[in-house]
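K.L.:
got a sequence here, can you model it:
(chains A and B)
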2 protein chains.
Amino acid sequence: MLKNSAPLPSVRRLPLYLTVLEEFSREGREWISTTDFSEVLFLKPIQVRKDLAHTGIIGKPKKGFKVDELISTIYNFLGWNNLTEAFLVGSGALGSALLGYEGFQRHGLNIVAAFDVSSDIIGKTIHGKEILSMDKLPDLAKRMQVKLGIITVPSSGAQQAADSLVEAGISGIWNFSPIKLQVPETVVVQREDISSGLAVLSVKLGRFD
Amino acid sequence: MLKNSAPLPSVRRLPLYLTVLEEFSREGREWISTTDFSEVLFLKPIQVRKDLAHTGIIGKPKKGFKVDELISTIYNFLGWNNLTEAFLVGSGALGSALLGYEGFQRHGLNIVAAFDVSSDIIGKTIHGKEILSMDKLPDLAKRMQVKLGIITVPSSGAQQAADSLVEAGISGIWNFSPIKLQVPETVVVQREDISSGLAVLSVKLGRFD
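P.N.:
The predicted structure is shown next:
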């Protein structure tokens, strides 16, 4: 299957293509070419062609791709046409920011419940979601068949949060904590660190001082 | 100078070390060893030693590093001990989420003003900050001597936002839009895409279906 063989750097770029496509769509444009992508994203045309080929779509000579068709092909490839329901564990500053980020819905991600261990936060409502106590997680995960967990707790609590999610039957974890989680082989973990980019920027800026 | 030669992958990891250090500090622990880091972060000890060496710190045999000293060394190396003031351009969903993320203060980033082009948003208050019209940006940037801009507008407006920031004298841009910005050589740009990680996770999850 094509999907299984797509290299991850290509996968990482697909959201970039989507953003361009969605703007073309808003502007009422019907077609988009490899050159259009390569000019906006500063990617080589050969790279654009390779990236898009992984989704299985075939362009039309001289015209390129139908905008709407390519959007739905990429969404389908990423599984973003079906909204994936997710639990968020850790409702501090970062967790709250993610709860308030409406862009996730467009990317097939729906945070259906948020949890915390702190009695200061449990019961509060953040961006329209009531923050629940961790002991409600297992039952709720099973009842709602939730398969994805987002971890935004401090690193000292991250492994415990992962353990709870795994025990509750979750199969994927988006890990915003800095530690590497120990999980069964069947569970997929993706680590994210928003401060890494800021660190690189800070050092690069320092180099110009 | 050491700082100039540090490889960016090492720089990207420094925030991970900081998070571990800050937890050691909260727990009242005075020393931290290479092994402590390597166990929490799943990095090879030799990698930990190399990464930390770039900051110029020298550990003590058998004891490792003084927690507080290493924290301030890394902050100093990244320039995070001085709060960098930044402007945020684009106060939609992602911009609002970043405005509400208190973690940035810890990382030396202080968003002092937020801007937008939409009359629906201008004048509103988001996370305690009034959203200003773009035409106020140049004067304010010069008056406040702001050197960093964060772009969270849709890609169609990103280059224009960058142009305004550059014209206002900004020397660094943290670009959350998908397009590659055209800026003078003296301006540093760091591109960030939070959805890339989600795309990789989605595809990995699909592979296990």
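K.L.:
tell me where chain A has helices.
P.N.:
Remark: helices assigned in chain A by DSSP state H are A:2-5, A:8-26, A:34-41, A:45-53, A:67-78, A:93-99, A:103-106, A:137-144, A:155-167, A:194-208.
K.L.:
need those in TSV (columns: mean pLDDT, distance to chain B and mean neighbour count).
P.N.:
For every residue, glycine as well, the C-beta is placed using N, CA and C. Shown next, in TSV, are the helices of chain A (pLDDT from 0 to 100; distance: least, CB to the nearest CB, whole Å; neighbours: other CB atoms under 10 Å in any protein chain shown):
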stretch	mean pLDDT	distance to chain B	mean neighbour count
helix A:2-5	54	6	10
helix A:8-26	86	4	19
helix A:34-41	89	5	18
helix A:45-53	93	12	17
helix A:67-78	93	5	19
helix A:93-99	82	4	23
helix A:103-106	76	5	16
helix A:137-144	92	16	14
helix A:155-167	93	5	19
helix A:194-208	75	4	20
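K.L.:
and residue B:24, which of these is closest to it?
P.N.:
helix A:155-167 (9.8 Å; CB to CB).
K.L.:
elements contacting the longest strand belonging to chain A?
P.N.:
Counting by DSSP state E, the longest strand found in chain A is strand A:109-116. Contacts defined by 3 or more CB pairs under 8 Å, 6 or more residues apart in numbering or on different chains; DSSP states H and E place strand A:109-116 against strand A:84-89, helix A:93-99, strand A:129-133, helix A:137-144.
K.L.:
the residue nearest to residue A:86 when sequence neighbours are not counted: neighbour count?
P.N.:
Closest residue to residue A:86 apart from its sequence neighbours, by CB to CB, 6 or more residues apart in numbering or on different chains: residue A:148 at 4.0 Å. Residues within reach of residue A:148, counting by other CB atoms under 10 Å in any protein chain shown, total 24.
K.L.:
mind checking how far residue A:148 is from residue A:130?
P.N.:
20 Å (CB to CB, to the nearest Å).
K.L.:
list the buried residues in stretch A:143-154.
P.N.:
For stretch A:143-154, a neighbour-count test (16 or more other CB atoms under 10 Å in any protein chain shown) marks A:146, A:147, A:148, A:149, A:150, A:151, A:152, A:153, A:154 as buried.
K.L.:
so which of the residues you listed comes closest to chain B?
P.N.:
Nearest to chain B among those, counting by CB to the nearest CB, is residue A:154 at 6.5 Å.
K.L.:
list the residues that contact the closest one.
P.N.:
Taking CB atoms under 8 Å, 6 or more residues apart in numbering or on different chains, we find residue A:154 in contact with A:90, A:92, A:177, B:19, B:23.
K.L.:
let's have these in JSON lines, adding distance to residue B:38.
P.N.:
Output for the contacts of residue A:154, formatted as JSON lines (distance: CB to CB, whole Å):
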{"residue": "A:90", "distance to residue B:38": "24"}
{"residue": "A:92", "distance to residue B:38": "27"}
{"residue": "A:177", "distance to residue B:38": "17"}
{"residue": "B:19", "distance to residue B:38": "15"}
{"residue": "B:23", "distance to residue B:38": "16"}
